[in-house]
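>>> turn this into a structure:
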Amino acid sequence: MHRSRVLGILIDTPAAQVDAAVDFWSAALGVTARPGAHEQFTGLSGAIPGLHTVIQAVDDAPRYHLDIETDDLAAEVARLTALGAEPVSRWEDACVLRAPGGHLLCVVPLQDEPEAFASSARTWR
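Reported below is the predicted structural model:
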């Protein structure tokens, strides 16, 4: 048995355009942009209530992706691959998957406060 939940939405932006994207999205959503834990991340705190909203500088095409937070990374990756997702890569402790339809998502270990995770995570058997 494990738990997971949608942690956030990431606005993946080509690195050369990330400053303009940060300016646009922070103004469009009426929030302040703040540097993230890693240099490629810029947080937009409070942009979408209940979700982390982050601009991520990427060396790829612009897109959006979800981060799914879990208390058991292997079990959540196995659950999602059984549903049809395909492994793409790993980054630090995260597993990048491609869902049917082509959308990317990252499965990440616990990132948020335990109370926030416990209050909204779903339990899987």
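>>> could you give the bridge partners of the nearest residue to R90 once chain neighbours are set aside?
Distances taken as C-beta to C-beta, 6 or more residues apart in numbering place V96 nearest to R90, at 6.9 Å, with adjacent residues excluded. (Glycine included, C-beta is placed from N, CA and C.) For V96, the beta-bridge partners are S89, C106 (DSSP bridges).
>>> what about V96, distance to S120?
Per C-beta to C-beta, to the nearest Å, V96 is found 23 Å from S120.
>>> go on, L10?
The value you get for L10 to S120, if C-beta to C-beta is used, is 18 Å.
>>> who does the nearest residue to S4 once chain neighbours are set aside form a beta bridge with?
Nearest non-adjacent residue to S4, counting by C-beta to C-beta, 6+ apart: T70, 4.0 Å away. With DSSP bridges applied, T70 shows beta-bridge pairing to S4, P109.
>>> wait, T70 sits on H2?
Yes. Counting by C-beta atoms under 8 Å, T70 touches H2, with 6.2 Å between them.
>>> quick one: common contacting residues for the two?
When C-beta atoms under 8 Å, 6 or more residues apart in numbering defines a contact, the residues bordering T70 and H2 alike are E76.
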